[in-house]
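# Next one to model:
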Amino acid sequence: MRLNKPAIDFVLALAFSCLASLSLSVYAQWRSASQVGLMQAPPLVLNNLSGKSIDIANYKGKVLVVNFWASWCEPCREEFAELIELQEKYGPKGLVVLAVNLAEMKPRITQFLKGNGIAENAIEILMDRNSIIYKSWKARGIPTTYLIGRTGKIEGIWIGAIENVDSDEVKGKVEALLRQ
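Got it, this is the predicted structure:
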């Protein structure tokens, strides 16, 4: 029996969703960059929802949060409001949140945003259609969130959903980098 492309895509999305829900629905776990094998942020050049090319090299001097997500991933969906809160709270102090969507088309992403009352420009959403950036960043599941200092050094990684940006762990790490 041969499955057509939409059926294969659905089965893969369902499998990833189940794995993500089972393994990552707990609190985010903080890991040092060395545990993942990355010290500096790898290149990241992707189009945003408007079709504009965004290059993280242009954000030197800013603190970055780079989050890998998909609309079908329940922990990712739950975490999205936290990412927006991070951008709103710390953006004026020099933080930039980049939400890198994995393998979804723009209509699917905008449907997710509209369905959840989220403005398209609430945070910068980038489209990693072939998951090439995801792989080069050595991410192993979603959501995965990288915290990057002003020099491009990866300070650490949250594996799983960030559930509270006001927690001492998240707030402390972000604010410490913003003070540098």
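# so what's the backbone phi/psi at residue 60?
phi -50, psi 140 (degrees, to the nearest 10).
# what's the distance between it and residue 151?
7 Å (C-beta to C-beta, to the nearest Å). The C-beta positions use only the backbone N, C-alpha and C, and glycine is treated the same way.
# One more: residue 136?
19 Å.
# Likewise for residue 122?
In terms of C-beta to C-beta, residue 122 sits 27 Å off from residue 151.
# same thing with residue 109?
31 Å.
# between the two, which one's more packed in?
Comparing residue 109 with residue 151 by other C-beta atoms under 10 Å, the one with more neighbours is residue 109, at 19 against 10.
# Over to the residue most central in space within the chain. Which of the three states is it?
Central residue of the chain (C-alpha atoms, centre = their mean): residue 67, 1.4 Å from the mean position. Using DSSP: H, G, I helix; E, B strand; the rest coil, the structure places residue 67 in strand.
# which residues touch it?
Counting by C-beta atoms under 8 Å, 6 or more residues apart in numbering, residue 67 touches 79, 83, 97, 98, 99, 100, 143, 144, 145, 146.
# try residue 164
With C-beta under 8 Å, 6+ apart, residue 164 has these contacts: 82, 170.
# From residue 143, how far off is it?
14 Å.
# same thing with residue 179?
Where residue 143 is concerned, residue 179 sits at a distance of 26 Å (C-beta to C-beta).
# who's more crowded, these two?
Counted by other C-beta under 10 Å, residue 179 and residue 143 do not tie: residue 143 has more neighbours, with 27 against 9.
# What count of nearby residues applies to the residue nearest to that one when sequence neighbours are not counted?
Nearest non-adjacent residue to residue 143, counting by C-beta to C-beta, 6 or more residues apart in numbering: residue 76, 4.6 Å away. Residue crowding around residue 76 was assessed by other C-beta under 10 Å; the count is 25.
# Show the pLDDT at residue 76.
pLDDT recorded at residue 76 is 97.
# Residue 12 too?
The per-residue pLDDT reported for residue 12 equals 52.
# Just the CA atoms from stretch 161-174 would do, formatted as CSV, please.
Only the C-alpha atoms of stretch 161-174 are listed here, as CSV (Å, rounded to 0.1, in the frame of the first residue of the first chain):
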residue,chain,number,x,y,z
ALA,A,161,8.0,24.4,27.0
ILE,A,162,8.8,27.5,29.0
GLU,A,163,5.8,27.7,31.3
ASN,A,164,6.5,30.9,33.2
VAL,A,165,8.7,33.7,32.0
ASP,A,166,8.4,35.3,35.4
SER,A,167,10.0,32.3,37.1
ASP,A,168,13.3,33.0,38.8
GLU,A,169,15.1,30.7,36.4
VAL,A,170,13.9,32.4,33.2
LYS,A,171,13.8,36.0,34.4
GLY,A,172,17.1,35.6,36.1
LYS,A,173,18.9,34.3,33.1
VAL,A,174,17.4,36.8,30.7
